[in-house]
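[1] below are the sequence and a predicted model for it; my questions follow.
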Amino acid sequence: MSGQFRIGNLRDEPARDCLLDLNNRNAGATSLLTPERFALLIDLAGVALCVPPAAGLLLAFEDTDDYDGGHFLWFRSQFDRFLYIDRIVIAENCRRHGLARMLYDEVFERARRLGHSRIVCEVNLEPPNPISDHFHAALGFQEVGRATINDGAKTVRYLAAHL
């Protein structure tokens, strides 16, 4: 069913406000963003994708990007030549249609073209996110570390997939 969707460039997307709303409705899995911070992340991201008009978004940063996210900085201290998936959000009414897989396939292809040796991300361990765990395992991601944040309210697993 993903054939009815296409990947667009988030930098050129006129529905950015809808995508910011989508992100913020899912802030428990990602993080809450102001319009200014959202615009900055899009500008800084090595890869800024969307499924227009507001079905999904993905932001990823190259190891050399000027990004200050704590999880990204952990990966930077551990690895060279990676593409870090900071956030992926799919609209609830568009889930189970292959959009996340479509976006990840594009990220894997871009990472190869850019000469990266791995793709990295983090997934919630506490609170648990079993759908994301299964999705990432199916794509070959393996745990490379953990972190507890927000005064112990959230624990994440750091994951990496080798290209």
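    Alright, I've got the coordinates.

[2] residue 56 against residue 92, yeah?
    No: assessed by CB atoms under 8 Å, residue 56 is found out of contact with residue 92, at 10.7 Å. Quick note: C-beta positions are derived from backbone N, CA and C, even for glycine.

[3] and the helices in this protein?
    Counting by DSSP state H, the chain has helices at residues 16-25, 35-44, 70-78, 99-114, 130-138.

[4] do you know which of these lies nearest residue 62?
    helix 99-114 (6.7 Å; CB to CB).

[5] now that closest one, how far from the chain's geometric center?
    11 Å (CA atoms, centre = their mean, to the nearest Å).

[6] and the residue sitting nearest the centre point of the chain, how far from residue 20?
    In the chain, the C-alpha nearest the mean C-alpha coordinate belongs to residue 87, at 2.8 Å (CA atoms, centre = their mean). In this view, residue 87 and residue 20 are 12 Å apart by CB to CB, to the nearest Å.

[7] same question for residue 29.
    15 Å.

[8] the two: who's more crowded?
    The neighbour count for residue 29 versus residue 20, taken as other CB atoms under 10 Å, is higher for residue 20 (19 against 14).

[9] which residues are in contact with the more buried one?
    33, 35, 38 (CB atoms under 8 Å, 6 or more residues apart in numbering).

[10] and the residues you listed, which is closest to residue 71?
    residue 33 (15.1 Å).
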